[in-house]
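# what shape does this take:
(2 chains)
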2 protein chains.
Amino acid sequence: MKRIGIVAPASRLIEAFPDRLRAAMEPRFGGRVELIFHPQCFEDWGHFAGTDDSRARAFVDIANDPSLDALWFGRGGYGSCRIVEAVMPKLNEAARAKAYLGYSDAGSMLGALYKASFPHVAHGPVAADLHRQGGQAAVERALAWLVDRDPASLEPGLGALPHAAFNLTILSHLIGTPWMPDLTGHVLLIEEVSEHMYRIDRALWHVVHAVKGLAGLRLGRCSDIPDNDPDFAQTEEEVAQHWCAVSGVPYLGRADIGHDADNKVVPFGVR
Amino acid sequence: MKRIGIVAPASRLIEAFPDRLRAAMEPRFGGRVELIFHPQCFEDWGHFAGTDDSRARAFVDIANDPSLDALWFGRGGYGSCRIVEAVMPKLNEAARAKAYLGYSDAGSMLGALYKASFPHVAHGPVAADLHRQGGQAAVERALAWLVDRDPASLEPGLGALPHAAFNLTILSHLIGTPWMPDLTGHVLLIEEVSEHMYRIDRALWHVVHAVKGLAGLRLGRCSDIPDNDPDFAQTEEEVAQHWCAVSGVPYLGRADIGHDADNKVVPFGVR
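Residues are numbered from 1 along each chain as shown, chains lettered A, B, ... in the order given. This next block holds a predicted model:
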């Protein structure tokens, strides 16, 4: 039996969600996994699932609990960066032994954990991805990694080099902070959602010029791109190839990650 | 007679613009200023006023021309960061002696010029601000600084410390790049437009945690903030005060800059 704690450092979950998730997981994981939702998941403070203090305490509660095997991010949105400074100094050895899984906004925290050399940090579906079209597959994939470390859950192109995966905008905002990990020698996978092409271009410009020593870049899906006025006239892949060429970062093709149910798991570091 | 060159590193100008601007400037500056529009201002390449090569060449043409006293950014939009790497190594001593004025997207280039110790770099209205409501005052203010260094054009709160002013999002994307100036000991003025509160919050979090040694932060206007869903429940000033308190950067109040006709001039460095 694996015990997985769920917190919501960004947006809140609805009260009906735990029952739905447990029902969805029963066929494949029944009797093998226990999902523990921290009460903070259902708090409400403006944009956030509770105050910064409450969200930070909940993260530390779950992370430091030696009876739990993993911390699963409940949902994206915005808010992880606001608690990273309070959380990181409080994490103990039980926290270091744990697995962490999330993406999008969670990248602020995943980056900080990876910088602190936590060994089991991964970019992949959050619990609330159950709500997506095809979301059953996304949360099963997440648990397949959290419970079984199933290789089938992994992004298929991961080779021998160390990897890191981020939402592009989240990574852009982590650069230069005390929580930005050293990605020297890493293949970086990025994905984006709901950003204009000029913003994708600008953030890619930022990343290739500010993140030192990348071994390569792979482009995940960039979905729900709003119309650009005037038309940007370049696709996200053309832009990624351009900035890779300019900066000397090898462009290594597309990656199977994104804000969708197909989002595969990318463990940070060496697979 | 001051001779001022105009380029458009981001969005294009319309062909009718030079006549309109010259007519608007005639009453106050007639006979004292000549406006030289580089033909690149009217080029069209997707999102941009010409290709990266064309915009970079135009910038260098104007900057390096010893017969010109200043380079005035024609318009904002997006595109300055894309040419900074090509432009900076080509600038000569005539470029170093020149004054530079712009804001918003132009901040990528202004930051690079200031990092390269160019002595006359300022944040203030662009030529296309003539189109704004009350824009006549904005462009007169710009020329009052470019032509006369009129103290009345300056942001009224500039004291003895060195200053820098940026659009918040532009500054966030400059952090960690080779063109990010050292702002140690500086009072930083920031402004924003058309960004959700959660994005303003995230970029402020980024700036206070990644820009080292600030002597203080002053908050310009944050205009056209789209609705946040759910409501963010904090204003831009509450958020700025919060992150200043958290990071130990003195919050020094509001600044008279922004995406509007009241946008005052902020010379980089010591006034």
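
# need the nearest residue in space to the spatially most central residue of chain A, chain neighbours excluded.
Relative to the mean C-alpha position of chain A, the nearest C-alpha, by Cα atoms, centre = their mean, is the one of A:Y103, at 1.6 Å. Nearest residue to A:Y103 in three dimensions, chain neighbours excluded: A:H123, at 4.9 Å (Cβ to Cβ, 6 or more residues apart in numbering or on different chains). Bear in mind the C-beta positions are built from the backbone N, C-alpha and C, glycine included.

# up against chain B, what does chain A have?
Proximity of chain A to chain B is confined to A:45-47, A:78, A:81-82, A:85, A:172-179, A:197-198, A:201-203, A:205-206, A:209-211, A:228, A:230-234, A:246 under the rule Cβ under 8 Å from any Cβ of the partner chain.

# report the rounded mean pLDDT for the helix or strand harbouring A:C222.
Taking DSSP states H and E as the criterion, A:C222 maps to strand A:216-223. The pLDDT scores in strand A:216-223 average 98.

# what is the burial count for A:D182?
12 (other Cβ atoms under 10 Å in any protein chain shown).

# ok, it touching A:A116?
No. The criterion here is Cβ atoms under 8 Å, and A:D182 misses it with A:A116 at 11.6 Å.

# let me know the secondary structure of A:A164.
The three-state label given to A:A164 by DSSP: H, G, I helix; E, B strand; the rest coil is strand.

# tell me which residues touch it, please.
Taking Cβ atoms under 8 Å, 6 or more residues apart in numbering or on different chains, we find A:A164 in contact with A:G111, A:Y114, A:H123, A:P181, A:L183, A:H186, A:V187, A:L188, A:L189, A:V266, A:F268, A:G269.

# try it again at 7 Å.
Residues in contact with A:A164 (Cβ atoms under 7 Å, 6 or more residues apart in numbering or on different chains) are A:Y114, A:P181, A:L183, A:H186, A:L188, A:F268.

# likewise A:V270?
A:P162.

# tell me how far it lies from chain B.
25 Å (Cβ to the nearest Cβ, to the nearest Å).

# what are the phi and psi angles of that residue?
Main-chain dihedrals, A:V270, degrees, to the nearest 10: phi -80, psi 130.

# for the residue nearest to the centre of chain A, give me its contacts.
Here A:Y103 is in contact with A:H123, A:G124, A:V126, A:N167, A:N263 (Cβ under 7 Å, 6+ apart).

# ok so, going back, any idea which helix or strand comes after the strand holding A:C222?
helix A:236-247.

# so which bits of that following helix are buried?
A:E236, A:V239, A:A240, A:Q241, A:H242, A:W243, A:C244, A:S247 (16 or more other Cβ atoms under 10 Å in any protein chain shown).

# turn those residues into a markdown table, columns for pLDDT.
Shown next, in a markdown table, are the buried residues of helix A:236-247 (pLDDT from 0 to 100):
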| residue | pLDDT |
| --- | --- |
| A:E236 | 95 |
| A:V239 | 96 |
| A:A240 | 97 |
| A:Q241 | 98 |
| A:H242 | 97 |
| A:W243 | 97 |
| A:C244 | 98 |
| A:S247 | 95 |
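
# got those as TSV, with distance to B:V193 columns?
TSV is the format used below for the buried residues of helix A:236-247 (distance: Cβ to Cβ, whole Å):
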residue	distance to B:V193
A:E236	24
A:V239	23
A:A240	27
A:Q241	31
A:H242	27
A:W243	25
A:C244	30
A:S247	29
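
# only the buried members of the contacts of A:Y103: can you turn that into a ChimeraX selection?
To isolate the buried members of these in ChimeraX, using 16+ other Cβ under 10 Å:
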select /A:123,124,126,167,263
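
# centroid-wise, who is the farthest residue in chain A?
Distance-from-mean max, chain A, by Cα atoms, centre = their mean: A:P230 at 32.0 Å.

# not counting its neighbours along the chain, what's nearest it?
B:H47 (5.8 Å).

# repeat that for A:L214.
A:L214 sits nearest to A:V249 (Cβ to Cβ, 6+ apart), 4.9 Å away.
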